[in-house]
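Asks: A structural model of the following input is requested.
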Amino acid sequence: MAKSFTLKEESSKIWSLTFDLAGEKVNKLSKTVMAEFEELLPQLEKLNADALVLLSGKPGNFIAGADIEMFAELKSPDDGVALCMRGHGIFNRWEDLPYPTVSAIDGAALGGGCELSLASTAIVMSTDPGARIGLPEVMLGIVPGLGGCVRLPRKVGLAMALDMILTSKQLNGERAYKGGLTEALIQKENFREDALTWTTKNLTALQKSREGVRLAKEPKLGGMGGAVGAVMEKTPIGRAIILKKAREGVLSKTKGHYPAPLEAISVLHDTGARYGTRLQGKDRERAIAREARSFGKLAVSEVSKNLVRLFFLTEGVKKSKGLPPGVLAELKKVGGGGVLGAGVMGGGIAHLFADKGLPIRMKDLNPAALSLGVTQASRIFKKQVSRKRMNPRQAIQKLNLISPVLDYSGFNSCDIVIEAIIEKMDIKKKVLAELEGYVGERCYIASNTSSLSITEMQKALKHPERFAGMHFFNPVAKMPLIEVIRGEKTSDETVSAIFELSKKLGKTPIVVKDAPGFLVNRLLLPYMNEATWLLADGAPITDVDRVLLAFGMPMGPIELIDEVGIDVGEKVAHILHEGFGARMVPAPFNEKIVKAERLGKKNGKGFYVYENQGRDRKFDPAVYEILGLTPHAGAVSDEEILDRCLLPMINEASRCLEEKIVASASEVDLGMIMGTGFPPFRGGLLRYADSLGAKTIVEKLEKFHTRFGARYEPSPALVKRAQNSVRFYP
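Replies: Prediction:
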């Protein structure tokens, strides 16, 4: 096996150590790599060097982090502690080398990659947009386990360390340099040579840095800088306030469902995390041992196991081509495109293309509509600028990639055109047939429809094989899922091309068979529908939302109806009722609300009332008069509210697997997490179903079936699972 590290003397006593993991696209810290690194340390400790620069042999990557497979293999907290302590021993020896070390980052330095860099004397980063540094461990349900909780606050202060650890925030080179995390920002051109030159020129400063003289910029202590920030960070009372506020923020956001951020705060508290010189000796040993204990405890928790499973699901998508195993298709690269319709969705899709550097033509029927579409895209870019994800110049450059047009000029050069017009089949078919005459022979065509049949739309096209569904979720910029819908005549090439484009746009795609509602809406509509049926039995609107929020959903089902648009949900509900019959009969209340001209958040009134441009939501009791209801607290138990909303989704998911709407339970779970916000810590809808057991689910469904009829009739496939004690996951 090829060695991963290459040691070379670049000039007199200036050495480089290049990490290039053989057979992998990215560098990661596996057990094998760590063993190899450990074997190398005695040689490094005896090296006649003035400085050593750590580099990567992988373009666009420094170290992606630890090999997640190691976490999946852990069986007990002690296993996790042992794994951490071995890593700490290696990183401590790196930190204690008798000469300065410099981590030269020209790519992603995440997790263990960031922590190894923090153990270096200095960090220099490239200006390349792909260069970023951060600690994403809480996204896996764990805390940083190789010194991130110990070394980061010493370098950037407690407030900034908390911000990075608790939010998994990743900083580009400029932000890392300005925040005092890195010692230098180096142009991406000629980065390797310039990093070595910087090291040579700064040998004296690097040596002083080892002795406690700061070389990096001073961070803004307390998150604000100045005297007040210094007082907050440098006094016990100030640090206690910072930690208290951080804890309150985490609880407000996670409702306590995710233990890792809270545990990270405890680690920082117990280790006396603060701005200052590096820890050494027994202080360092005590701090890293405390960090390791938390890592070990969390790594074997069910929350972490579920989040790690989700990580592997998303990694699987990155490697997939969207086709069944063994099926290959010619793959044409998709670059620039076009979008028909400049509404909220059209403008959002145009922004997405432009944000990824892809030119996009946006067509509508009148200048006013086009202006709204461009405004929609511009608004999103402005938010990105305000959050420092890009500068104003970059935003303008990206916005200029959107070309608003009133005709089909330029569409003959598009690689793909996405139709995003009104959800009416006859209009879509007419527009698609017209479009086909203006695009090239190799242009893919997609419809951004939430529920209409792709197979039916194909009937309007001369070349239906190049047509598929590409269902974006609203808001396009935030929602990570795209459903790639395969019609009866869609070719493998088309499916794979749109699947790859979806990944290029930064989204997570799943391939779905054409059927009413596809996957996500087919499962989501029974959930929202049953939430409104509960109102008929006296459950207050606020109780229904409260119970599902406590379960971990990002918003309650009634609020979600408002968010989607009550009129939109009503249309989709009737499409599903038409497709699936009595089990999808819509509750009568949405129609009453629509007739009262309450359409949800978009016009400021729905089941709730929205003020301050939708930012403030409050309950309006007048809605009960419109519905003709008199609810009262406790009319329906919390347990029944939860079961009646969730069990129909599980029941319908079982049917979807039987009908091969998607290929596996994991795709159901990925779709529900990415498309609806189903709680990731629960592992997905069908992981949750397995935690209940098919027998329990069927017993509850049968009781509800007796009370409420066809909406709860257990699917034959689910009944069979219950009879044979078969789980959705092996």
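Asks: only C-alpha atoms for contact and neighbour calcs from this point on.
Replies: Will do.
Asks: domain ranges for the chain?
Replies: The chain breaks down by automatic domain parsing into domains covering 5-302, 337-514, 521-724.
Asks: need those in a markdown table (columns: mean pLDDT and distance to P730).
Replies: What follows is the domains of the chain, written out as a markdown table (pLDDT from 0 to 100; distance: least, Cα to Cα, whole Å):
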| stretch | mean pLDDT | distance to P730 |
| --- | --- | --- |
| domain 5-302 | 96 | 16 |
| domain 337-514 | 95 | 21 |
| domain 521-724 | 94 | 10 |
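Asks: using CSV, lay out the ones you listed together with distance to L323 and mean neighbour count.
Replies: Formatted as CSV, these follow (distance: least, Cα to Cα, whole Å; neighbours: other Cα atoms under 10 Å):
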stretch, distance to L323, mean neighbour count
domain 5-302, 22, 20
domain 337-514, 7, 20
domain 521-724, 10, 19
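Asks: can you list those in CSV and add distance to L328?
Replies: Below are the domains of the chain laid out as CSV (distance: least, Cα to Cα, whole Å):
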stretch, distance to L328
domain 5-302, 22
domain 337-514, 8
domain 521-724, 17
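Asks: ok, which of the ones you listed comes nearest L313?
Replies: With Cα to Cα, the closest approach to L313 among those belongs to domain 521-724: 7.2 Å.
Asks: just want the most central residue of the protein.
Replies: P480 (6.5 Å; Cα atoms, centre = their mean).
Asks: tell me the phi and psi of that residue?
Replies: Main-chain torsions, P480, degrees, to the nearest 10: phi -80, psi -10.
Asks: quick check: it touching G675?
Replies: Yes. The pair P480 / G675 is scored as a contact, 6.9 Å apart, by Cα atoms under 8 Å.
Asks: overlap in contacts of these two?
Replies: Residues touching both P480 and G675 by Cα atoms under 8 Å, 6 or more residues apart in numbering: F473.
Asks: for the stretch 301-450 of the chain, what spans make up the strands?
Replies: Applying DSSP state E, counting those that start in this stretch to the stretch 301-450 of the chain gives strands spanning 337-340, 360-363, 402-405, 416-419, 444-447.
Asks: any idea how far the strand or helix carrying L548 is from the middle of the chain?
Replies: Assigning secondary structure by DSSP states H and E places L548 in helix 541-551. Here helix 541-551 is found 24 Å from its chain centre; the criterion is Cα atoms, centre = their mean, to the nearest Å.
Asks: the helices in the stretch 301-450 of the chain, which residues?
Replies: Using DSSP state H, counting those that start in this stretch, the helices of the stretch 301-450 of the chain run over residues 302-319, 344-355, 367-386, 392-399, 425-436.
Asks: who does the fourth one touch, helix- and strand-wise?
Replies: Counting by 3 or more Cα pairs under 8 Å, 6 or more residues apart in numbering; DSSP states H and E, the packing neighbours recorded for helix 392-399 are helix 344-355, helix 367-386.
Asks: re earlier: turn the helices of the stretch 301-450 of the chain into CSV, columns for distance to G173.
Replies: CSV is the format used below for the helices of the stretch 301-450 of the chain (distance: least, Cα to Cα, whole Å):
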stretch, distance to G173
helix 302-319, 25
helix 344-355, 19
helix 367-386, 16
helix 392-399, 16
helix 425-436, 44
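Asks: so which of the helices and strands packed on helix 392-399 is nearest V511?
Replies: Among the helices and strands packed on helix 392-399, the nearest to V511 by Cα to Cα is helix 344-355 (19.1 Å).
Asks: quick check: angle from the closest one to helix 367-386?
Replies: 50 degrees (axes from the mean of the first three to the mean of the last three Cα atoms, to 10 degrees).
Asks: now H269: how far from L162?
Replies: 11 Å (Cα to Cα, to the nearest Å).
Asks: now swap in L47 and tell me
Replies: In terms of Cα to Cα, L47 sits 36 Å off from L162.
Asks: try V662
Replies: Distance, V662 to L162, using Cα to Cα: 40 Å.
Asks: then G256?
Replies: 17 Å.
Asks: and K571, what does it touch?
Replies: K571 makes contact with no residue, according to Cα under 8 Å, 6+ apart.
Asks: quickly find the element holding it.
Replies: Using DSSP H and E, K571 maps to helix 566-580.
Asks: tabulate the CA atom coordinates of that helix in PDB.
Replies: C-alpha atoms of helix 566-580 as PDB (Å, rounded to 0.1, in the frame of the first residue of the first chain):
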ATOM      1  CA  ILE A 566     -53.800  26.900   1.600                       C
ATOM      2  CA  ASP A 567     -55.000  27.100  -2.000                       C
ATOM      3  CA  VAL A 568     -52.000  25.200  -3.300                       C
ATOM      4  CA  GLY A 569     -52.500  22.500  -0.700                       C
ATOM      5  CA  GLU A 570     -56.200  22.300  -1.600                       C
ATOM      6  CA  LYS A 571     -55.400  21.700  -5.300                       C
ATOM      7  CA  VAL A 572     -52.800  19.000  -4.600                       C
ATOM      8  CA  ALA A 573     -55.200  17.300  -2.100                       C
ATOM      9  CA  HIS A 574     -57.900  17.000  -4.800                       C
ATOM     10  CA  ILE A 575     -55.300  15.600  -7.300                       C
ATOM     11  CA  LEU A 576     -54.400  12.900  -4.700                       C
ATOM     12  CA  HIS A 577     -58.000  12.200  -3.900                       C
ATOM     13  CA  GLU A 578     -58.700  11.700  -7.500                       C
ATOM     14  CA  GLY A 579     -55.700   9.400  -7.800                       C
ATOM     15  CA  PHE A 580     -56.100   7.300  -4.700                       C
END
